[in-house]
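A.B. asks: Here you go, sequence then predicted model.
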Amino acid sequence: MLSPQTRLAPVSLHLLRSLSCLVKRVAEPEARTSAPRILLGLQHVVERGVAARVQAAGVSVALERVVSGPTATFAEGESCGLSPLTPAGGPHAIPPPTASARARRLTPLPGEANGPFQAGSHVALIKREGRRRGGSRCRCLRAGAGCWQSAAAREARGRRAGAGARARAGAAASVGGEHPGAAGVGAAAAMAVAVGRPSNEELRNLSLSGHVGFDSLPDQLVNKSTSQGFCFNILCVGETGIGKSTLMDTLFNTKFESDPATHNEPGVRLKARSYELQESNVRLKLTIVDTVGFGDQINKDDSYKPIVEYIDAQFEAYLQEELKIKRSLFNYHDTRIHACLYFIAPTGHSLKSLDLVTMKKLDSKVNIIPIIAKADTIAKNELHKFKSKIMSELVSNGVQIYQFPTDEETVAEINATMSVHLPFAVVGSTEEVKIGNKMAKARQYPWGVVQVENENHCDFVKLREMLIRVNMEDLREQTHTRHYELYRRCKLEEMGFKDTDPDSKPFSLQETYEAKRNEFLGELQKKEEEMRQMFVMRVKEKEAELKEAEKELHEKFDLLKRTHQEEKKKVEDKKKELEEEVNNFQKKKAAAQLLQSQAQQSGAQQTKKDKDKKN
Amino acid sequence: MDPLRQSASPCSSRPSSPKTPPCEMLGYVGIEAVLDQLKIKAMKMGFEFNIMVVGQSGLGKSTMLNTLFKSKVWKCTLPGLAMPTPQTLQLKSVTHVIEEKGVKLKLTVTDTPGFGDQINNDKCWNPILGYINEQYERYLQEEILITRQRHIPDTRVHCCVYFVPPTGHCLRPLDIEFLQRLCRTVNVVPVIARADSLTLEEREAFRRRIQHNLRTHCIEVYPQKCFDEDINDRILNSKIRDRIPFAVVGADRQHLVNGRCVLGRKTKWGIIEGQGRWTGPEVWLCLAVENMAHCEFPLLRDLLIRSHLQDLKDITHNVHYENYRVCRLNESHVLPHGPCWVNLAPTPPGPSVAPGPSKACTQAREDSDDN
């Protein structure tokens, strides 16, 4: 709504000019066919002039004269003629106009309730708005109306962008012809497109007249991130003994505790260790993942599988967290691999087939940075040839290694120069050797000293620059926006979700997810039932067995008892017999003794008798 | 408070993994260069900020926005005209791109003319809540897509500035109802509008009464106490909480005072900026907006823009949006699809602290059914 004092003064002049042209045009009978358009033009002009009380009278007179002729009626008797246009009792009950200057309603003539006026006005308005949106001027008001038109057009765009249509849900129903006001049309147009979305054409640059202070925003963001801490995960892929752990120690200037691996591993396994590093006020949570046993087996067909599984598992964990209903992503410890350092053995010839196969499997899942390990074993001229051979092999096999970003001016240059040196030939060492008058990390050989941080000796410094100092954030971003999104897309499509057209089923993800979950739960329940039944059956069987055993035992017991009884009886019988025999014997013995004694007695008597006789 | 809010502060994070041993670094590695990388990335991408102003007409909302961002963000309506008040509450949004020292900010301002202007203001907060939830819904839809955009456009309302009319007494029932509902969905910063109609003592008393009202009704305005991360934050935020609601005056005109160009309001009476002397009724004197002695506009500006903008965005993303998402995903298999959900206001109209978000949602659904 234009304020009266400041903005309408020049506008009202234009208004009068345009109105005078209009009046002339409408008065001519040939212009009758285009009457609706011009009328509406007038209507908008009326909007503009609402507050222009000074020129109001002249305008309203013209207005009434024009308008009451062919089609609509305006309220009469208004001193300025331009206050709210209340309907003169048309067939449609139109509520009093809203504050939006454009939401005026013209009452159709009783005779033409649904006549051409309605359709015409609607169409005309659409056309008009369309044209205005396109930035061109409305034809019928071209005469001298440029200034206010463009100002109004700008405002129209601004107004329409708003949610005026959204808020008036009730009014939206009668877009057809009752609301020729721009807001109504804006509602129609907006609904046709996408309800109430501020479109891009609404973005306009404002100039500030003073210091507002939001240039501290990057600092605010950085402070927030600093308090949260950063996560960085590196995967080192390479054969045993190629110098992975040493390189990590050298890169981060610290000793990560680890024992060297043996060559006897039966398969490749990944070992992840996390450390917390702090430098000034930046906390970094570093996770280093080592491939233990890579390249040691005789059959190396499946060497890459554990690595791919591990990377997928980390993506899966993140996806699960993201899909949860109650999630806490800000607190989540991100374990997705941000960078993969692939250690190439310094043979001097070319890549091994194991390297090619593994890199091909990994290139769509992780940012690969190939490096030549133990580079102090390669001579300078050999190194150059080796590097170009490796890069050409990678390109010809379609392996996509990580490209250092060159779209940001500040880092484009350094990234461009560094990428020429890929793959970096590095030497790792944690031992310090005295060079000149200070200690430096180096490897001491009988024939010389290889300094780690000397750019002429190896590319370690370049690797450190690229990996940590320049592109750490980009590596993390690529992982999240490219590799993780790819994984997510594949996984969700595999699970059966689809992005259907935006109009139908916007929540198919949730629906299908629920359906799948119910299915899964159902299956789970079934399995549980099965298991329970089996258990019950087994118990029954066991019980039956036990009963059998019990019965047998009882029988045995009875048998034993009976045998025992019999035996006892036998023994008793025998005992009786024995006793009888003993008795008999005793009797016999007694009888025999008696006889004996009798015999003795008789003998004695005999001798006595003999003696007597002698005497 | 909701059981959801009992969790750790959403804005800082100590990564929740098993204890990792801290390592001593023996030399400079260069990890802190990641901060510069972050800054470069942020400057390239630009920032977004969405602010909503709510209040009755004539309280100076548009002027305040213009003063805040020092540009014609919104065309103001001067009072005194025979402008009919809107019959229904409408929401109007305008988007601008402003740049300062290389930092691009996409600012979206939503105005709510017609709020509280009718005779019957019952449920006048529903369109506003509907709008806010619609923005959350839009973001959720984008986030749920299979092929999603690299950078989801953020139209969620980060901050809602609520203009309290300077009655001088206390919060009106409309204010209380509205604030209760809104503070659960969005960050609300209440301000006392047109504070030049109150003297300093009246201002202080009004402020205390408002704070008392907010406490009584358990309305947590921004900065919320439960999201203070550490002791420094708590100290800083307590200072801010002590001054909320700010007493602000909006002005977008420059006046010449003592040879200096000052943003302010010129009235026939008043106090000379900074000196407090009455120099006669015929002299035109000026209330300077940037002067802390006159009004607390600088505090509001510092809070919203210079120090807590990122925090506002973070709390919106980590707390309010997540609450909405939980609500929505829990109910999604019950809710019908399509545009009719826009009318739901998932915050409960309960008089006291609501039980939990799912209950809140069902209650809100019942409310809307009643509607």
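C.D. replies: Perfect, I can see it now.
A.B. asks: CA atoms for contacts and neighbours, from now on please.
C.D. replies: Fine.
A.B. asks: Chain B: helices as residue ranges?
C.D. replies: Taking DSSP state H as the criterion, chain B contains helices spanning B:33-45, B:61-69, B:126-144, B:173-182, B:200-216, B:231-243, B:297-301, B:309-315, B:321-331, B:357-370.
A.B. asks: which of those sits most buried?
C.D. replies: Looking across these with neighbours counted as mean count of other Cα atoms under 10 Å in any protein chain shown, the highest average goes to helix B:61-69: a mean of 24.
A.B. asks: close to chain A, is it?
C.D. replies: Yes. Taking Cα under 8 Å from any Cα of the partner chain as the criterion, helix B:61-69 and chain A are in contact, through B:Leu68, B:Phe69.
A.B. asks: Can you spell out which helices and strands pack onto that helix?
C.D. replies: In terms of contacts (3 or more Cα pairs under 8 Å, 6 or more residues apart in numbering or on different chains; DSSP states H and E), helix B:61-69 is packed against no helix or strand at all.
A.B. asks: Please write out the alpha-carbon positions of that helix in PDB.
C.D. replies: The C-alpha atoms that make up helix B:61-69 are tabulated as PDB, following Å, rounded to 0.1, in the frame of the first residue of the first chain:
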ATOM      1  CA  LYS B  61       6.900  -3.800  12.600                       C
ATOM      2  CA  SER B  62       7.900  -2.800   9.100                       C
ATOM      3  CA  THR B  63       9.800   0.200  10.400                       C
ATOM      4  CA  MET B  64      11.600  -2.000  12.800                       C
ATOM      5  CA  LEU B  65      12.700  -4.400  10.000                       C
ATOM      6  CA  ASN B  66      13.900  -1.500   7.900                       C
ATOM      7  CA  THR B  67      15.900  -0.200  10.800                       C
ATOM      8  CA  LEU B  68      17.300  -3.600  11.600                       C
ATOM      9  CA  PHE B  69      18.600  -4.200   8.100                       C
END
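A.B. asks: about what we covered before: compare the helices of chain B and say which comes out lowest on pLDDT.
C.D. replies: Ranked by mean pLDDT, the helices of chain B end with helix B:357-370 at the bottom, a mean of 43.
A.B. asks: which ones are touching the residue lying closest to B:Gln149 once chain neighbours are set aside?
C.D. replies: The spatial neighbour of B:Gln149 that comes closest, neighbours along the chain excluded (Cα to Cα, 6 or more residues apart in numbering or on different chains), is B:Glu142 at 7.7 Å. For B:Glu142, the residues meeting the contact criterion (Cα atoms under 8 Å, 6 or more residues apart in numbering or on different chains) are B:Arg148, B:Gln149, B:Ile152.
A.B. asks: burial count for the second one?
C.D. replies: Residue neighbour count, defined by other Cα atoms under 10 Å in any protein chain shown, stands at 12 for B:Gln149.
A.B. asks: pLDDT value on it, please?
C.D. replies: Model confidence at B:Gln149, expressed as pLDDT, equals 82.
A.B. asks: One more: the last one?
C.D. replies: Reading off the confidence values, B:Ile152 has pLDDT 87.
A.B. asks: Could you measure from it over to A:Val268?
C.D. replies: In this structure, B:Ile152 and A:Val268 are 39 Å apart, going by Cα to Cα, to the nearest Å.
A.B. asks: What of the first one?
C.D. replies: Between B:Arg148 and A:Val268 the computed distance is 35 Å (Cα to Cα).
A.B. asks: neighbour count winner among those two?
C.D. replies: More neighbours sit around A:Val268 than around the other of B:Arg148 and A:Val268, counting by other Cα under 10 Å; the figures are 21 against 14.
A.B. asks: Could you count how many residues lie near the residue lying closest to the more buried one once chain neighbours are set aside?
C.D. replies: Sequence neighbours aside, A:Gly293 is the residue nearest to A:Val268 in space, at 4.8 Å (criterion: Cα to Cα, 6+ apart). The burial metric for A:Gly293, expressed as a neighbour count using other Cα under 10 Å, is 22.
A.B. asks: OK, contacts around A:Gly293?
C.D. replies: Taking Cα under 8 Å, 6+ apart as the test, what A:Gly293 contacts is A:Glu239, A:Thr240, A:Ala261, A:Thr262, A:His263, A:Asn264, A:Glu265, A:Pro266, A:Gly267, A:Val268, A:Arg269.
A.B. asks: how about the residues of the stretch 301-450 of chain A near chain B?
C.D. replies: Within the stretch 301-450 of chain A, the positions lying close to chain B (Cα under 8 Å from any Cα) are A:Ile325, A:Lys326, A:Arg327, A:Ser328, A:Phe330, A:Asn331, A:Tyr332, A:His333.
A.B. asks: Tabulate the residues you listed (TSV), appending secondary structure and neighbour count.
C.D. replies: Converted to TSV, those look like this (DSSP: H, G, I helix; E, B strand; the rest coil; neighbours: other Cα atoms under 10 Å in any protein chain shown):
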residue	secondary structure	neighbour count
A:Ile325	coil	16
A:Lys326	coil	16
A:Arg327	coil	17
A:Ser328	coil	16
A:Phe330	helix	19
A:Asn331	helix	18
A:Tyr332	coil	16
A:His333	coil	17
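A.B. asks: show me where pLDDT drops low in chain A?
C.D. replies: Across chain A, the ranges flagged by pLDDT under 70 are A:1-204, A:497-513.
A.B. asks: Let me see the domain layout of it.
C.D. replies: If you go by the TED database, the domain ranges for chain A are A:225-495, A:531-581.
A.B. asks: from the contacts of B:Glu142, which is closest to B:Leu107?
C.D. replies: Minimum separation from B:Leu107 among the contacts of B:Glu142 (Cα to Cα) is found for B:Ile152, which lies at 15.8 Å.
A.B. asks: how near is the residue nearest to that closest one when sequence neighbours are not counted to B:Arg148?
C.D. replies: Nearest-residue entry for B:Ile152: B:Glu142, 6.7 Å, with adjacent residues in sequence omitted and distances by Cα to Cα, 6+ apart. Here the distance between B:Glu142 and B:Arg148 works out to 7 Å (Cα to Cα).
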